[in-house]
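Q: Here is my input, please return the structure:
(one chain, ligands or ions: 1)
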Amino acid sequence: MRRKIAAGNWKMNMTPAEAEALITGLKPEVEGAGSEVICCVPAIDIERALKAAEGSNIQIGAQNMFYEAKGAYTGEISGEMLLSVGVSHVIIGHSERRGIFGETDEDINKKLKKAISLGLTPIVCCGESLEQREKGITEEWVRMQVKEALIGVSAEDVKRIIIAYEPIWAIGTGKTATTSEAEEVCGLIRECIAALYDQETADEIRILYGGSVNEKNAAELFAMPDIDGGLVGGASLKLSFAEIVKAADKIS
Ligand code: PGA
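A: The predicted structure follows:
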């Protein structure tokens, strides 16, 4: 049985003081949840968020990392640095990183392998644009992104990663994919893993849906057989994120 996940992606929101307040408020609300609770916070918030989360079931993740350990890479943060302060998860290849900051499939593959080698759990993102969906190439596109991201990753390692399917047209737009649209693509990602590796690996890997998940639609989405939880942006910035954790929890 795959354990459900409620992961927040705070994006570029929250000062360290605000992060501390939100984590402190969430702690009692999500205590004892059967699902995994992860908050992926801005780099500057990490240490304060970790401190606030101490003794709780809230895990703190980052939103990006570079694949080199150190050196002349102005503005970047390495996986080693994340690990040194106690980060457990890192989002890799979010569509905003791909679209706004020009990350390529090759960069994402390098980051993913680096995160795995350090023992960080990557949450690797994929998803099509509205134009690609309208052209009918969603399946082909998502398969390609998954395949490229996983080049050189073993079956043993792939079981530990988390994949997030996030259709770009549903991110921050209030336009959620229908449960059947979300399930269809999460199912095809699982099929893709079975084809690249084997059925056992496909049955173990956790696949999240992301894109305008909120406390109202979470339970229905998370009840789908191939959706193991959500990567939540806007709705993870409030205490009501606890309702999304509970939606995942009821299904776990
Ligand atoms: P959203 O963002 O929930 O605000 O649509 C999701 C994401 O980009 O991870």
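Q: and the least confident helix or strand in the chain by mean pLDDT, what does it pack onto?
A: Taking mean pLDDT, DSSP states H and E as the measure, the chain has helix 241-251 as its least confident helix or strand, at a mean of 92. Applying 3 or more CB pairs under 8 Å, 6 or more residues apart in numbering; DSSP states H and E, one finds that helix 241-251 makes contact with strand 5-9, helix 16-30, helix 218-222, strand 229-232. Every residue, glycine included, has its C-beta placed from N, CA and C.
Q: Could you list the low-confidence segments of the stretch 151-252 of the chain?
A: Confidence mapping of the stretch 151-252 of the chain against pLDDT under 70 gives the ranges 252.
Q: Contact partners for the residue of it found nearest the ligand?
A: The stretch 151-252 of the chain approaches the ligand most closely through Gly233 (2.3 Å), counting by CB to the nearest ligand atom. Gly233 makes contact with 8-11, 171-172, 210, according to CB atoms under 8 Å, 6 or more residues apart in numbering.
Q: Make CSV out of these and add neighbour count and distance to Ala69.
A: What follows is the contacts of Gly233, written out as CSV (neighbours: other CB atoms under 10 Å; distance: CB to CB, whole Å):
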residue, neighbour count, distance to Ala69
Gly8, 27, 28
Asn9, 27, 25
Trp10, 23, 25
Lys11, 19, 26
Ile171, 22, 31
Gly172, 12, 33
Gly210, 28, 29
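Q: Pull up the residues of the stretch 151-252 of the chain that are close to the ligand.
A: 166, 171-172, 210-213, 231-235 (CB under 6 Å from any ligand atom).
Q: number of nearby residues for the closest residue to Ile171 other than its chain neighbours?
A: Sequence neighbours aside, Gly211 is the residue nearest to Ile171 in space, at 5.0 Å (criterion: CB to CB, 6 or more residues apart in numbering). Number of residues near Gly211 (other CB atoms under 10 Å) recorded here: 27.
Q: mind checking the SS state of the residue most central in space within the chain?
A: Geometric centre of the chain, nearest residue: Ile123, 4.0 Å, by CA atoms, centre = their mean. Per DSSP: H, G, I helix; E, B strand; the rest coil, the local secondary structure of Ile123 is strand.
Q: Please renumber the chain so that the first residue is 52 from this point on.
A: I'll keep to 52 as the first residue from here, and by that count the last item is Ile174.
Q: Can you list the residue ranges for helices in this protein?
A: 67-81, 97-104, 130-136, 146-152, 156-169, 181-186, 189-200, 206-209, 230-247, 250-255, 269-273, 292-302 (DSSP state H).
Q: How far off centre is the shortest one?
A: The offset between the C-alpha centroid of helix 206-209 and the centroid of the whole chain comes to 17 Å, using CA atoms, centre = their mean, to the nearest Å.
Q: Can you name the residues in contact with it?
A: 167, 201, 244, 248-249, 252, 256.
Q: Give me every residue in the stretch 52-201 of the chain lying close to the ligand.
A: Near the ligand, when you scan the stretch 52-201 of the chain using CB under 6 Å from any ligand atom, you find Asn60.
Q: still on that earlier bit, want to throw the contacts of Gly284 into a markdown table with distance to Phe152?
A: As requested, the contacts of Gly284 are exported to a markdown table (distance: CB to CB, whole Å):
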| residue | distance to Phe152 |
| --- | --- |
| Gly59 | 21 |
| Asn60 | 15 |
| Trp61 | 17 |
| Lys62 | 13 |
| Ile222 | 15 |
| Gly223 | 16 |
| Gly261 | 18 |
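Q: Tally up the residues packed near Leu239, please.
A: Neighbours of Leu239 (other CB under 10 Å): 17.
Q: ok, now Gly122?
A: 8.
Q: ok, so what distance separates it from Leu134?
A: Per CB to CB, to the nearest Å, Gly122 is found 17 Å from Leu134.
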